[in-house]
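Trainee: Fold the following and give me the result.
(4 chains)
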Protein chains: 4
Amino acid sequence: MGEADLVKSRRALLLIDFINPLDFPEAGALAAPALEAARASRRLAQAARTQRIPVIYANDNFGRWQSDFPTMVKRLGQGRDLSASIVRLLRPRRGDLTVLKPMHSAFFGTPLDIILDHTGARSVVLAGLATDICIQLTAADAFLRGLKVHVPEDCTAAESPQKKAIALAYMRDILKCDTRPWRSLRWHRA
Amino acid sequence: MGEADLVKSRRALLLIDFINPLDFPEAGALAAPALEAARASRRLAQAARTQRIPVIYANDNFGRWQSDFPTMVKRLGQGRDLSASIVRLLRPRRGDLTVLKPMHSAFFGTPLDIILDHTGARSVVLAGLATDICIQLTAADAFLRGLKVHVPEDCTAAESPQKKAIALAYMRDILKCDTRPWRSLRWHRA
Amino acid sequence: MGEADLVKSRRALLLIDFINPLDFPEAGALAAPALEAARASRRLAQAARTQRIPVIYANDNFGRWQSDFPTMVKRLGQGRDLSASIVRLLRPRRGDLTVLKPMHSAFFGTPLDIILDHTGARSVVLAGLATDICIQLTAADAFLRGLKVHVPEDCTAAESPQKKAIALAYMRDILKCDTRPWRSLRWHRA
Amino acid sequence: MGEADLVKSRRALLLIDFINPLDFPEAGALAAPALEAARASRRLAQAARTQRIPVIYANDNFGRWQSDFPTMVKRLGQGRDLSASIVRLLRPRRGDLTVLKPMHSAFFGTPLDIILDHTGARSVVLAGLATDICIQLTAADAFLRGLKVHVPEDCTAAESPQKKAIALAYMRDILKCDTRPWRSLRWHRA
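Mentor: Numbering: from 1, shown residues only, chains lettered A, B, ... in the order given. This is a model prediction of the structure:
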């Protein structure tokens, strides 16, 4: 069911929690670096689409269990704050996929395993927020599944440079992630 | 994330695949009994809502990975066939939940386990289509999780009376399901 | 961890619950056909080993959580009843794998997904007890995962011919299983 | 199946990878602190057994898929190195449970979810090796499941004090773990 529509690809790009009200206490420190990461991720996503690599929005459902991502994107893109700027930069395009995640890891309680199995992905690129939380916990689950993981350091943001640096080091050392900037990705041809 | 919004309840009602184009080859034989099951399930769902028992739409995503259930409901409810009549009978109400299932079992690749864990459900009532496929495979997964399962025989439909009867017998004998009509449910007070 | 030891193979053979005290109420009717199925499955397992197809014992843990399958095999093989005869026919050989399953499906709460991912299996052959319970529920989970499933009718047994026939029909019709006798398997060269 | 044998308990103790050849390249730096952690964990495990809190060995299967933990314990306990000393300190006792984990997290590809569901555990205590790898990845999975997690800092070890400190800080800050020494556990009555 649905397998027919999925394009085969050894790689997949996950955009994690960019569609985000950024209204939690620590979000003030996160918003500015998140906007920088969103700008790079926009270019990364365009490169992926050009290569017919699936772009998958793996986004928090923010406590709503209505499976209504378009309304969430529309609502969050209407504000005047950095959160809305990020949403407008990274609006889903036709052909992009979505999984709504109830918890921090994009694999937990979502169909992501099924999508990656159907597309034949052996490696995933993770971009998004925050480096030390949802990115790192998603990277851990990808690592357990034997996937090769790339977390381009310019496409992710955390509340502080130190938290980001520690998370990137952990993902490199323990989870065997490649954390070089997105332009170093070998499939990049842009 | 989201746990705060979920009401605690020992029971949950799952409405499975009623939102359905019914355009596969065998659907002709399924549509009329499905409409009957939808009428009974509408009353069952109302009774559940009155009792503050969560009503969860566990619906096929039909090969779309856009997490956009509202558009699916709207589109399928606009036709003039039995499929659209069923959708109009069973339109989600405010407060209902949704999980989009990529495969036949409502547990496979969905957040259903998480929802039931958060609400504290120990038993599930399954209504929907088709008795011998998505209902039976969901009942099997619920049984493996130690949940008590109720499949009211008047709230489900299959392509033929014989297929329905064999599936109900299997769920009673092997999966220990209660298959009596929905009005026999002990929480029914309507 | 452990991947290195697993041989790549597009197929895997699962021997399900043959190592079994057969001491539940209905076991009397199951023992004789189970012995027949064990005799055929012994030959099937030998053919698989010859072809370097992994032979995986997917066996109930019978409420023991000690991860001690060898002791279970030794103890159950010492009796004088049909149960012990079956165990002696189907003793694991060097190189066979084991997963202890806490519930009926061999996928639920076991590392079977990981093993099949590491070996690269795209199809599974299921042999064992009972056709309508652990075999059918394992076949359902394999089907949901997109695996091709073969349930050779001569390598499985149920409490009655009727229960077996209904289960085989279900697996053929709904779960798209091939249920022809094991000698029809294309990889058979014995 | 097996639920009958499991004692109900709101808590569970996991002993992670103490049964370990410690023969990988970095193991030299890990062995001495691991022995210290094993000594504390032995007392912790005794306290748990006294309180009828389940003690669960969640141990790497080291690439063997034979479900034969007793032989692994016996073999690894026979040496003269620190690895064998640790094994002798922490030999399983009658009534302890075992899950063999194929990967780093004790939840991934194991029946641990089922055991914790059957016992009714709402919190887990993690002891073992190494703090920043199998402990942290298990803590992450426990956190995603909504379990309260305790990682007593005196019952775990890493290759370096710095790696241990960073991992403990992560588990405190992000995964909301309690990392105080085991004697601070409220259920401790010894």
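
Trainee: in stretch A:65-75, what counts as buried?
Mentor: A:65-69, A:72-73 (16 or more other CB atoms under 10 Å in any protein chain shown). Using the backbone N, CA and C atoms, a C-beta is placed for each residue, glycine as well.

Trainee: correction: stretch A:172-190
Mentor: A:174-175, A:177-179, A:182, A:185, A:187.

Trainee: Stretch A:21-37 too?
Mentor: Applying 16+ other CB under 10 Å to stretch A:21-37 flags A:21-22, A:27, A:30-31, A:33-35, A:37 as buried.

Trainee: Equivalent analysis for stretch A:138-158, please.
Mentor: A:138-145, A:147-158.

Trainee: Which ones among the residues you listed also lie next to chain D?
Mentor: A:140, A:144 (CB under 8 Å from any CB of the partner chain).

Trainee: Now go through the buried residues of stretch A:138-158 and say which are in helices.
Mentor: The helices, defined by DSSP state H, take in A:138-144 from the buried residues of stretch A:138-158.

Trainee: Tabulate those residues (a markdown table), appending distance to residue A:101 and pLDDT.
Mentor: Formatted as a markdown table, these follow (distance: CB to CB, whole Å; pLDDT from 0 to 100):
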| residue | distance to residue A:101 | pLDDT |
| --- | --- | --- |
| A:138 | 9 | 98 |
| A:139 | 14 | 98 |
| A:140 | 14 | 98 |
| A:141 | 11 | 98 |
| A:142 | 13 | 98 |
| A:143 | 17 | 98 |
| A:144 | 16 | 98 |
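
Trainee: With just CA atoms, put the helix or strand where residue A:70 lies into PDB.
Mentor: Under the criterion of DSSP states H and E, residue A:70 resides in helix A:69-76. Extracted in PDB, the C-alpha atoms of helix A:69-76 (Å, rounded to 0.1, in the frame of the first residue of the first chain):
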ATOM      1  CA  PHE A  69       0.500  18.500   8.700                       C
ATOM      2  CA  PRO A  70      -0.700  21.000   6.000                       C
ATOM      3  CA  THR A  71      -2.700  23.000   8.500                       C
ATOM      4  CA  MET A  72       0.300  23.000  10.900                       C
ATOM      5  CA  VAL A  73       2.600  24.400   8.200                       C
ATOM      6  CA  LYS A  74       0.100  27.000   7.100                       C
ATOM      7  CA  ARG A  75      -0.600  28.200  10.700                       C
ATOM      8  CA  LEU A  76       3.100  28.300  11.700                       C
END
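
Trainee: how far out from the middle of the chain is the longest helix along chain A?
Mentor: Counting by DSSP H, the longest helix found in chain A is helix A:27-50. Here helix A:27-50 is found 9 Å from its chain centre; the criterion is CA atoms, centre = their mean, to the nearest Å.

Trainee: what do you get for stretch A:108-124?
Mentor: 14 Å.

Trainee: show me which of the buried residues of stretch A:172-190 neighbour chain D.
Mentor: Within those, those near chain D by CB under 8 Å from any CB are residue A:174.

Trainee: List just the nearest of the buried residues of stretch A:172-190 to residue A:162.
Mentor: Comparing the buried residues of stretch A:172-190 against residue A:162 with CB to CB places residue A:179 closest, at 15.5 Å.

Trainee: I'd say residue A:111 and residue B:65 touch.
Mentor: Yes - counting by CB atoms under 8 Å, residue A:111 sits close enough to residue B:65 to count as a contact (7.4 Å).

Trainee: Now do the shared contacts for these two.
Mentor: Both residue A:111 and residue B:65 are contacted by A:99, B:102, under the criterion CB atoms under 8 Å, 6 or more residues apart in numbering or on different chains.

Trainee: okay but residue A:104 is in contact with residue A:137, surely?
Mentor: Yes - counting by CB under 8 Å, residue A:104 does reach residue A:137; the two are 4.5 Å apart.

Trainee: shared neighbours, those two?
Mentor: residue D:144.

Trainee: so where's chain A uncertain?
Mentor: A:1-4, A:188-190 (pLDDT under 70).

Trainee: near chain C, which residues of it show up?
Mentor: A:3, A:117-118, A:145-146.

Trainee: Can you lay out these as TSV showing distance to residue A:55?
Mentor: Below are the residues of chain A next to chain C laid out as TSV (distance: CB to CB, whole Å):
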residue	distance to residue A:55
A:3	18
A:117	18
A:118	15
A:145	20
A:146	22
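
Trainee: Name the nearest of those relative to residue C:169.
Mentor: Of the residues of chain A next to chain C, the one sitting nearest to residue C:169 (CB to CB) turns out to be residue A:3, at 25.5 Å.

Trainee: about what we covered before: tell me the helix or strand right after the helix holding residue A:70.
Mentor: Taking DSSP H and E, what comes next after helix A:69-76 is helix A:82-89.

Trainee: and stretch A:129-147, how far from the chain's centre?
Mentor: Distance of stretch A:129-147 from the chain centroid (CA atoms, centre = their mean) equals 10 Å.

Trainee: Just want the phi and psi numbers for the closest residue to residue A:5 other than its chain neighbours.
Mentor: Nearest non-adjacent residue to residue A:5, counting by CB to CB, 6 or more residues apart in numbering or on different chains: residue B:63, 4.7 Å away. Per-residue torsions, residue B:63: phi 70, psi 10 (degrees, to the nearest 10).

Trainee: residues from chain A in reach of chain D?
Mentor: Within chain A, the positions lying close to chain D (CB under 8 Å from any CB) are A:103-105, A:108, A:132-133, A:137, A:140, A:144, A:166, A:170, A:174.

Trainee: just checking: which of the buried residues of stretch A:65-75 also lie near chain B?
Mentor: Near chain B, by the rule CB under 8 Å from any CB, you find A:65-69 out of the buried residues of stretch A:65-75.

Trainee: tell me which of these is nearest to chain D?
Mentor: When those are ranked by distance to chain D (CB to the nearest CB), residue A:65 comes first, at 15.7 Å.

Trainee: From what I see, that closest one and residue B:92 are in contact.
Mentor: No - assessed by CB under 8 Å, residue A:65 is found out of contact with residue B:92, at 10.9 Å.

Trainee: Is there proximity between the longest helix of chain A and chain B?
Mentor: No - using CB under 8 Å from any CB, helix A:27-50 stays clear of chain B, coming no nearer than 14.6 Å.

Trainee: In terms of secondary structure, what does that helix contact?
Mentor: strand A:11-16, strand A:55-60, helix A:82-89, strand A:123-129, strand A:156-157 (3 or more CB pairs under 8 Å, 6 or more residues apart in numbering or on different chains; DSSP states H and E).
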